[in-house]
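> Everything below, folded, please.
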Amino acid sequence: MSSQFWDDRYRAEDYVYGRNPNDFLQAQAHRIPPGRVLCLAEGEGRNAVHLAGLGYEVTAIDFSAEGVKKTERLARERQVELRAIHADLASYVPDEDVYSGIIAIFAHLPPPVRRRVHGWVPRALKVGGAFLLEAYTPKQLQFETGGPRDPELLMTLAGLTAELAPLTLEIGAEVDRVIHEGIFHGGISATVQIVARR
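You can find the predicted model right below:
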């Protein structure tokens, strides 16, 4: 989906995916060592703002300019500091060996872009750093409770395990769970959850 699609969605006054962090991220954030955290395809900033509130030095990336504005607005409302960047992950080049954590929550990228990003995640993490991901699996197409309808944008545990080598999986599971995140994520959902360590 284009940046224009996301600009149009995020232009709404309210936060269309809510203001609270993703449940999986909230439960597993303690696995991220202190330091710098990079949030990928961060949208309106709910996860980045939560992590900044926990004391991490957060950089949030999204290719929607409206999403970046919403991230900055939410950070001001919650009185936390973070850096929000308007950038396309298809060409973004991160610093290497600097991040304690990298976060990808419902970051449904086209497969070539996803493989590119997952290729540099291990290099961008510091030794001991953690990568946290939650995404919809192909089974989600049965539920129609959120996420993309294009099967190519959905993810599996087997595929992610291969793409994220040489990281070590601490958590790797495909689960059915109830999600309530704003107006676009609501109800029983099929997701894959990963915590992987460098």
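> rest of the way, CA atoms for contacts and neighbours
Fine.
> and the least confident helix or strand in the chain by mean pLDDT, which residues are buried?
Every helix and strand of the chain was ranked by mean pLDDT, DSSP states H and E. The lowest is helix 3-10, at a mean of 82. Going by neighbour count (16 or more other Cα atoms under 10 Å), the buried part of helix 3-10 is Trp6, Asp7, Tyr10.
> And for stretch 82-94?
Buried residues in stretch 82-94, counted by 16+ other Cα under 10 Å: Leu82, Arg83, Ala84, Ile85, His86, Ala87, Asp88, Leu89, Pro94.
> Ok, stretch 161-181 next?
For stretch 161-181, a neighbour-count test (16+ other Cα under 10 Å) marks Thr161, Glu163, Leu164, Leu167, Leu169, Gly172, Glu174, Ile179, His180, Glu181 as buried.
> so the fifth one sits right up against Ala196, yeah?
Yes: A contact is recorded between Leu169 and Ala196 when judged using Cα atoms under 8 Å, the distance being 4.2 Å.
> contact partners of the strand or helix carrying Ala48?
Per DSSP states H and E, Ala48 falls inside helix 46-53. Here helix 46-53 makes contact (Cα atoms under 8 Å, 6 or more residues apart in numbering) with 18-22, 25, 29, 39, 42, 58-60, 71, 74-75, 78, 80-82.
> avg pLDDT for that helix?
Helix 46-53 comes out with an average pLDDT of 98.
> For the protein, which segments count as strands?
Counting by DSSP state E, the chain has these strands, from start to end: 36-40, 57-62, 83-86, 99-105, 125-136, 168-181, 185-197.
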